[in-house]
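[1] the following comprises the amino acid sequence and a computationally predicted model.
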Amino acid sequence: MLFRSLIDYWVAFEALFLPGISDELSFRASLRIAYYVATTPDEREEVFRKMRLSYRTRSDVVHGERVKADVRQVATDTEDILRRALRAEVLNPGSLNVDRLDAAIARGDSVRQERVPT
């Protein structure tokens, strides 16, 4: 069940953060997600790291590789971050715009001024 959940979470992340993108998926998604849900550099780095591990774990599952990570923890972290992203978009409709997000990342700006309650 955890494997299925992890795959479903990534289907949602790809729809939200990777429209029309087919290369560098793990890096792009992890970076965009980190900038969208986190407000401090340390928090962004933590989210980025968790999302890279999550994507790698998802890939291992999908491609039948041996899963090296703690799937329960990875799925829990992934679900939490997905909830944060969805909540941010629901509370601030239109705030998830990948072009603006990429521009903010390039400038090193924060995407949101206020933290969305978790």
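    Sure thing, it's come through. Numbering: from 1, shown residues only.

[2] number of nearby residues for the nearest residue to Val47 once chain neighbours are set aside?
    Of all residues not flanking Val47 in the chain, Ala34 sits nearest, at 4.1 Å (Cβ to Cβ, 6 or more residues apart in numbering). In short, each C-beta sits where N, CA and C put it, glycine included. Ala34: 23 surrounding residues under other Cβ atoms under 10 Å.

[3] which elements pack onto the helix or strand hosting Ala34?
    Using DSSP states H and E, Ala34 maps to helix 25-37. With contacts taken as 3 or more Cβ pairs under 8 Å, 6 or more residues apart in numbering; DSSP states H and E, helix 25-37 sits against helix 2-17, helix 41-62, helix 71-91, helix 98-107.

[4] in the first one, what's buried?
    Neighbour-count burial for helix 2-17, with 16 or more other Cβ atoms under 10 Å as criterion, is recorded at Leu2, Leu6, Tyr9, Trp10, Phe13, Leu16, Phe17.

[5] what do you get for the third one?
    Buried residues in helix 71-91, counted by 16+ other Cβ under 10 Å: Val71, Val74, Ala75, Asp77, Thr78, Ile81, Leu82, Arg84, Ala85, Ala88.
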